[in-house]
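*Asks:* The following comprises the amino acid sequence and a computationally predicted model.
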Amino acid sequence: MGETDKLTQSSQKTEANTAKVDHNFILSIANLVVEFKTRTDTVRVLDHVSFDISKGETLGIVGESGCGKSMTALSIMGLIPSPPGRLVSGSIKLGEKEITSLSAEQMRHIRGSEISMIFQEPMSSLNPVFTVGEQIAEAVRLHEKVSSKAAMSRAIEMLKAVDIPEPEVRAKAYPHELSGGMRQRVMIAIGLACRPRILIADEPTTALDATVQAQIFDLLGDLQRETDTAIVLITHDMGAIAELADNVAVMYAGRIVEQGPVEVILSNPQHPYTQGLIECVPHLEASPSTERKPLIEIPGVVPSLSDLGAGCAFAPRCANCFGHCLTNKPSLERGTSGHLVACHLYTEDHVNVHPTASPGTV
Amino acid sequence: MSFWRVTAKRIGYGFLLLMSVLVLNFVLMSLAPGDIADTIAGEMGGADEQMLAEIRETYGLDQPFHVQLWRYLSRVFVLDLGFSYFYNTPVTTLILEKLPATLLLVFSAQIVAIISGVVLGVMAAKKPNGLFSLSVTLIALFGFAAPVFWTGILLIILFVSIFPLFPIGGIMDVTLAGSWWEHTLDVLHHLMLPMITLASIFVALYSRLARASMLEVLGADYIRTARAKGVPERSVMYRHALRNALAPVVTVAGLQFSAVISGAVVVETVFSWPGLGSLALHSILARDTPTIMGILFCSALVVVVFNILTDMTLRLLDPRIKSG
């Protein structure tokens, strides 16, 4: 499937999506701030992160490792390791319910039943000493008052739903007897066993080989259509984003730097970091007749969160950096393209301070 | 391979191991200078060459080595461990008389050590930097550092002299007349101090091990999965984590069985506990070869049996362990 096909498809998806969005968000996150205490100082790992998700929507969160994607997921689950982590301020609303103020016990009832999460490492994410059937059934029994027999038949049903052949037999298998792709299917079955409203998938295919990756993404898409579950897809695979996501949030150093509908972000990225991320994707369509473009990389590495300066965190790696970037943090504002971007190139300040540069030509 | 087939294989190996222990014991004992004839002669106040030769003939010591070995092995097969010249009793009778007391001490100490070690370790792992964890570490350090006999003597001073709560030694009060229930309680009362003494070293070992193993398991991805499913913290600890963390503790506990038995020798001496340990000590001092070999065989048997049991337990705990 070519890049353009993907884009048209996802733009159609978003049109359908905007039609049903009536600001009844099932998950609203506003100004989330999470800090970690280290021996010497306090590090802000999430800095005023905000986004909303409506029913059946897929939000893609992209960014390099260490930019706060997984931390955002763990905050929603109420699983920030604490200490040293702490949710400093902000709100997470599940429907109408504020969940940051819930007790540990109340939060436990939400985990697995209303919000579920699947992880990066299917090889080690299942408990080696229980059969996969037992592990799915456990999730069911934790949140619904059913007999163990009924829970087990639900487990088999779920295994069937995630396309595992011979589900009755596989339910009795131990995780080490299954392949990586199978195990990730089991993880998805656990995640969806209680029909949650939101499924957080934290790099669900990173550890799997390419053909299995596509299968898992197809499976997630199918299940989403059937159940209308909202998905938060955390990944650095732009292809997966193009295929699955309705909206995208690009994170860098604990902040969202660009956010908007997927077709806008992919076709007209504004933030130099987003542009870099998209350019990093290798293109297969280069034929002998067309010249192959060298793969472009973003120079430098993600800065350490403990010594971010006063300016934009991306400034040291940015080709368009100018004086203002080093002293002021850009805020997330609606740019010329109509979606949210946090970059001085698109603010009026920029035009005043640096009149010669023309935004967008990078 | 099925559970029982593997177990049968293990029992076969165990049998071969026991055979080699028997042969090795026999060889070692024959290599040692002097024999039972010298001892008997010594007891009688001296004897001449002819007398010694007669004694040797009576006990088959004049036969070639391989004949002696073969005789010994075939007798062991029918559980005849020979005759103790020192006690003037068959060794089998002697051991069967003392074995229950030792097994009682060793078992109770091992069980107490494993349970309390694991519980302490798990509790310490909940807050690895907390005060409780620190005190478990300190207790463990003390347990490692203190020699068993010293712990025993201290306990005697504390709980017999200063606070007379427990008897000073022995296994029961011979003057006690009462029902079997009162006798049982009396034995348990006598058992307390020696058991605690023997368990102290192993509690230290197991609690450290359980703590480290739990800490490692609690960082595993599947624990995060359990929490993400909404598993209550208690169940995360005892259902999801502990079963995975137990394997190293069970392995070491199985291997330590021989150490517990040798520890029992010291403890039995300190508390005059009438078990195999004191029997071993006396027969070594008396050069009572058949008894020593009988005891060695018996402890080898116990160790082999417990290694097999350890193996089976591990197999039940972790489905990933297949055939060995």
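*Replies:* Noted; the coordinates are in hand. Numbers count the residues shown, from 1 in each chain, chains lettered A, B, ... in the order given.
*Asks:* Which pLDDT value goes with residue A:101?
*Replies:* What the model reports for residue A:101 is a pLDDT of 84.
*Asks:* hang on, it is in a strand, isn't it?
*Replies:* No: going by DSSP: H, G, I helix; E, B strand; the rest coil, the assignment for residue A:101 is coil, not a strand.
*Asks:* Would you list the phi and psi of it?
*Replies:* For residue A:101, the backbone dihedrals (degrees, to the nearest 10) come out as phi -100, psi 0.
*Asks:* go on, the one 10 residues further on?
*Replies:* Here is the backbone geometry of residue A:111 (degrees, to the nearest 10): phi -60, psi 130.
*Asks:* Report the beta-bridge partners for it.
*Replies:* Legend: beta-bridge partners of residue A:111 under DSSP bridges are residue A:115.
*Asks:* so what's it up against?
*Replies:* A:77, A:78, A:79, A:117, B:227, B:228, B:229, B:230 (Cβ atoms under 8 Å, 6 or more residues apart in numbering or on different chains). All C-beta atoms are positioned from the backbone trio N, CA, C, and that covers glycine.
*Asks:* Kindly reformat those residues as TSV containing neighbour count.
*Replies:* TSV is the format used below for the contacts of residue A:111 (neighbours: other Cβ atoms under 10 Å in any protein chain shown):
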residue	neighbour count
A:77	24
A:78	21
A:79	16
A:117	29
B:227	21
B:228	27
B:229	26
B:230	22
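*Asks:* Which of those fall in helices?
*Replies:* Here DSSP state H is the test, and the contacts of residue A:111 give A:77, B:227, B:228, B:229 as lying in helices.
*Asks:* From chain B, how far off is residue A:299?
*Replies:* 33 Å (Cβ to the nearest Cβ, to the nearest Å).
*Asks:* After the lowest-mean-pLDDT helix or strand in chain B, which helix or strand is next? Please name it.
*Replies:* Least confident helix or strand of chain B, by mean pLDDT, DSSP states H and E, is helix B:36-43 with a mean of 73. Downstream of helix B:36-43, the next assigned helix or strand under DSSP states H and E is helix B:49-58.
*Asks:* Show me what that following helix is packed up against.
*Replies:* Judged by 3 or more Cβ pairs under 8 Å, 6 or more residues apart in numbering or on different chains; DSSP states H and E, the packing partners of helix B:49-58 are helix B:36-43.
*Asks:* And the helix it packs on, what does it pack against?
*Replies:* helix B:49-58.
*Asks:* Show me what the helix it packs on is in contact with.
*Replies:* By Cβ under 8 Å, 6+ apart, helix B:49-58 touches B:35, B:36, B:37, B:38, B:40, B:41, B:47, B:61, B:62.
*Asks:* The most centrally placed residue in chain A in helix, strand or coil?
*Replies:* For chain A, the residue nearest the mean C-alpha position is residue A:234 (2.4 Å; Cα atoms, centre = their mean). Residue A:234 falls in the strand class when you classify it by three-state DSSP.
*Asks:* Near chain A, which residues of chain B? Just list them.
*Replies:* Listed as neighbours of chain A in chain B under the rule Cβ under 8 Å from any Cβ of the partner chain: B:220-222, B:224-233, B:240, B:243-244, B:317-320.
*Asks:* Now do the strands in chain B.
*Replies:* Along chain B, the segments classed as strands by DSSP state E run B:83-84, B:89-90.
*Asks:* and whatever residue of the stretch 101-250 of chain A ends up closest to chain B, what is it in contact with?
*Replies:* Relative to chain B, the nearest point of the stretch 101-250 of chain A is residue A:112 (3.6 Å; Cβ to the nearest Cβ). Residue A:112 makes contact with A:139, A:142, A:143, A:194, A:196, B:228, B:229, B:230, according to Cβ under 8 Å, 6+ apart.
*Asks:* neighbours of whichever residue of the stretch 1-150 of chain B sits closest to chain A, just the number please.
*Replies:* For the stretch 1-150 of chain B and chain A, the shortest gap (Cβ to the nearest Cβ) falls at residue B:129, measuring 9.5 Å. Residue B:129: 7 surrounding residues under other Cβ atoms under 10 Å in any protein chain shown.
*Asks:* three-state assignment of residue A:44?
*Replies:* The local conformation at residue A:44, judged by three-state DSSP, is strand.
*Asks:* Surely it and residue A:37 touch.
*Replies:* No: taking contacts as Cβ atoms under 8 Å, residue A:44 lies outside contact range of residue A:37: 11.0 Å.
*Asks:* Mind checking which of those two has more residues around it?
*Replies:* When residue A:44 and residue A:37 are compared for neighbours, residue A:44 comes out ahead with 18 against 13, by other Cβ under 10 Å.
*Asks:* Outline the domain layout of chain B.
*Replies:* B:3-88, B:92-317 (automatic domain parsing).
*Asks:* so for the last one, what's the average pLDDT?
*Replies:* The average of the pLDDT scores along domain B:92-317 is 88.
*Asks:* And it, how far out from the chain middle?
*Replies:* 9 Å (Cα atoms, centre = their mean, to the nearest Å).
*Asks:* ends of that domain, how far apart?
*Replies:* 36 Å (Cα to Cα, to the nearest Å).
*Asks:* Any stretches of chain A with poor pLDDT?
*Replies:* Filtered on pLDDT under 70, chain A yields the residue ranges A:1-23, A:283-293, A:348-362.
*Asks:* what about the longest helix in chain B?
*Replies:* helix B:180-218.
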